[in-house]
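**Q** whatever this is, show me its structure:
(one chain, ligands or ions: 1)
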Amino acid sequence: CFTNSLLLLMSRNNELFDRACKTIPGGVNSPVRAFRSVGGVPRFIQRAQGPYVWDAEGTQYIDYVGSWGPAILGHAHPEVIEAVQKAAVNGLSFGAPSEGEIEIAEAIAARLPSIEKVRLVSSGTEATMSAIRLARGYTSRTKIIKFEGCYHGHADSLLVKAGSGMLTFGNPTSAGVPQEFVQHTIVLDFNQPEAVKAAFAEQGNDIACIIVEPIAGNMNLVKPDPGFLETLRELCTQHGALLIFDEVMTGFRVGAQGVQGLTGVTPDITTLAKVIGGGMPVGAFGGRADIMDCVAPLGPVYQAGTLSGNPVAVAAGLVTLKLLSEPGFYDKLEQQTRKLTQGLCEHAQAAGVPFSADCVGGMFGLYFRDTVPHSFDEVSSCNINHFKQFFHGMLDQGIYFAPSAFEAGFVSSTHTDEVIEQTLAAAKKVFARCNSGRRRHNRRYLDFHACAVLDKCSNLNGGHGREIPAEHRA
Ligand code: KE4
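**A** Next comes the predicted model:
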């Protein structure tokens, strides 16, 4: 009877997934959660606390997804929960201004000198969609530049893959996006400044903005090469275009002032979300006052939102930003993240598994290849089959990494030495089981690779990156 009850328990996630698929497309409310590129059954999370989540079968996992970035203080931080509870009893949303919105606007502007004014929205997609409309309205230009592998949410003009040729006009990566909606989107390669110079040389007068993840986190973690962001800044200034830093993921995650604080490169507009909501739905776009004053009701660029700045979400964000301001917070956070990545590299090396890792602040990238990638193409050469083995091996050991080889991972301030050591002990066992040594990409690997990249590109997954040739589709 024990075996039967365990089997019964083990199927709880399966049972919920089967049920979910009957009324929710793919059984999930965001495609990456469906485990499509790693296989297996998604874990239905019942509760989370600190560095842990528990699934529907009561299994505990050390969590390195952290709700894709927001849970920087660990899950259910008592002060954040208390702030939400206190706000909620006063009403959930008013559809009218409230003092908390002023406080969080002031808190964001105090932390990011490039932001003089900020408008709150309810997601990262809303933030980037609005920022692009603002850049087009401010410059009266139509073309935008984005980079292959960078994801900025699922607004139509951003669901784009590189076309062919040098000035690669976009082609949609999602059904339902007409070519006309992406014809003004130029898609270039991240860390290729010459291509950006060429685009401006050809069309500088028509380019409204560049939007970039200043440290990419949606093709796995890929840092800018020295000088890349500076070149984007110079070109935008020279040609009267706006530089948009999409810091939805990196904002207050990689450091107290995001990437702009780490690099000293100042964007004209910054988009934010994730951490500034502390797990509640908050996004924002902000920048110089002369730019932001173009936004309705002051200016001609329309933008609105029923729940924008709602008091409960703002309460969570305000306490989160306050707690992140504790002295030494980011030094300690990066120290723990580095312990994880260095330990994983040591164990992979000992097991003969081609592996590398990188990190910045509380964000990290794991790569099943010998060296840290600097481009989407290099990321795409990672051994997906090894990743899948690692992902499931760690999941079986109670460690929950992002269910995709093309996502960054996240450490919180609750990932103590003990938690990191437990993770590394599990990894030592799992790496030992991975196929050691080099193996050429065979059809099986390509299938996994194709599946993973397709997932990133397909409309099922929000069109994160490059489409792959049909012959490689899983
Ligand atoms: P949302 O609309 O999902 O709140 O934010 C879109 C977005 C915009 N910009 C950047 C740099 C982002 O990373 C995101 C969303 N990130 C993904 C994780 N890679 C969210 C996870 C998901 O799609 O479910």
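**Q** neighbouring contacts of stretch 68-86?
**A** 47-53, 63, 66-67, 248-249, 252-253, 274-275, 277-280, 312, 315-316, 318-320, 323-324, 333, 362-363, 402, 407, 410, 412-415 (Cβ atoms under 8 Å, 6 or more residues apart in numbering). The C-beta positions use only the backbone N, C-alpha and C, and glycine is treated the same way.
**Q** now, of those residues, which are buried?
**A** 48, 50-53, 63, 66-67, 248-249, 252-253, 274-275, 277-280, 312, 315-316, 318-320, 323-324, 333, 362-363, 402, 407, 410, 412-415 (16 or more other Cβ atoms under 10 Å).
**Q** hmm, back to that, tell me, which of the contacts of stretch 68-86 make contact with the ligand?
**A** Filtering the contacts of stretch 68-86 for proximity to the ligand by Cβ under 6 Å from any ligand atom leaves Val248, Met249, Glu407.
**Q** TSV please, covering the residues you listed and showing pLDDT and secondary structure.
**A** Output for those, formatted as TSV (pLDDT from 0 to 100; DSSP: H, G, I helix; E, B strand; the rest coil):
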residue	pLDDT	secondary structure
Val248	98	coil
Met249	97	coil
Glu407	95	coil
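**Q** which one of those sits closest to Thr371?
**A** Using Cβ to Cβ, Glu407 is the member of those that lies nearest Thr371, at 19.3 Å.
**Q** which residues are in contact with that closest one?
**A** Val32, Trp68, Gly217, Asn218, Asn220.
**Q** make JSON lines out of the residues you listed and add pLDDT and distance to the ligand.
**A** Below are the contacts of Glu407 laid out as JSON lines (pLDDT from 0 to 100; distance: Cβ to the nearest ligand atom, whole Å):
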{"residue": "Val32", "pLDDT": "94", "distance to the ligand": "5"}
{"residue": "Trp68", "pLDDT": "97", "distance to the ligand": "4"}
{"residue": "Gly217", "pLDDT": "96", "distance to the ligand": "6"}
{"residue": "Asn218", "pLDDT": "95", "distance to the ligand": "5"}
{"residue": "Asn220", "pLDDT": "96", "distance to the ligand": "10"}
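**Q** now the residue lying closest to Asp417 once chain neighbours are set aside, what's its secondary structure?
**A** In space, and not counting its chain neighbours, Asp417 is closest to Lys339: 7.2 Å by Cβ to Cβ, 6 or more residues apart in numbering. Here Lys339 is helix, with the state taken from DSSP: H, G, I helix; E, B strand; the rest coil.
**Q** so what's the residue count around Lys339?
**A** 18 (other Cβ atoms under 10 Å).
**Q** the stretch 251-400 of the chain against the ligand: which residues are in contact?
**A** Near the ligand, when you scan the stretch 251-400 of the chain using Cβ under 6 Å from any ligand atom, you find Ala273.
**Q** residue ranges for the helices of the stretch 251-400 of the chain, please.
**A** 258-263, 289-292, 311-324, 329-351, 376-379, 384-396 (DSSP state H, counting those that start in this stretch).
**Q** same check, this time on the stretch 51-200 of the chain
**A** 78-88, 99-111, 124-139, 179-182, 193-203.
**Q** tell me which of these sits most buried.
**A** Highest mean neighbour count of the helices of the stretch 51-200 of the chain: helix 124-139, a mean of 25 (counted as mean count of other Cβ atoms under 10 Å).
**Q** which residues touch that one?
**A** 119, 121, 142, 144, 152-155, 157-158, 208-209, 211, 240-242, 244, 246, 248-249, 268-269, 271-274, 283-285, 291-292, 294-295, 299-303, 305.
**Q** which pLDDT value goes with the residue in the stretch 1-150 of the chain positioned nearest to the ligand?
**A** Nearest residue of the stretch 1-150 of the chain to the ligand (Cβ to the nearest ligand atom) works out as Gly124 at 2.3 Å. We have a pLDDT of 97 for Gly124.
**Q** how near is it to Ile276?
**A** 10 Å (Cβ to Cβ, to the nearest Å).
**Q** shared neighbours of the two, anything?
**A** Gly283.
**Q** shouldn't Ser375 be in contact with Ala216?
**A** No - with contact defined as Cβ atoms under 8 Å, Ser375 does not reach Ala216; the gap is 9.6 Å.
**Q** what do those two both touch?
**A** Residues touching both Ser375 and Ala216 (Cβ under 8 Å, 6+ apart): Gly149, Phe190, Val222.
**Q** where does the prediction get shaky in the stretch 351-474 of the chain?
**A** The stretch 351-474 of the chain contains residues with pLDDT under 70 at 435-474.
**Q** oh, I was asking about the chain
**A** 1-10, 162-170, 435-474.
**Q** Ser375 and Ala216: who's more crowded?
**A** Between Ser375 and Ala216, counted using other Cβ under 10 Å, the more crowded position is Ala216 (29 against 19).
**Q** show me what the more buried one is bridged to.
**A** Val222 (DSSP bridges).
**Q** quick one: contacts for it?
**A** Phe147, Gly149, Cys150, Phe190, Val222, Lys223.
**Q** neighbours of the residue lying closest to the third one once chain neighbours are set aside, how many?
**A** With Cβ to Cβ, 6+ apart as the criterion, Cys150 has its nearest non-adjacent residue at 4.5 Å, and that residue is Glu213. Look at Glu213: counted by other Cβ under 10 Å, it has 27 neighbours.
**Q** wait, Glu213 sits on Glu148?
**A** No - look at Glu213 against Glu148 with Cβ under 8 Å: they stay out of range, at 11.4 Å.
**Q** picking that back up, I'd like the contacts of Glu407 laid out as JSON lines, including neighbour count.
**A** As requested, the contacts of Glu407 are arranged in JSON lines below (neighbours: other Cβ atoms under 10 Å):
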{"residue": "Val32", "neighbour count": "23"}
{"residue": "Trp68", "neighbour count": "21"}
{"residue": "Gly217", "neighbour count": "28"}
{"residue": "Asn218", "neighbour count": "25"}
{"residue": "Asn220", "neighbour count": "28"}
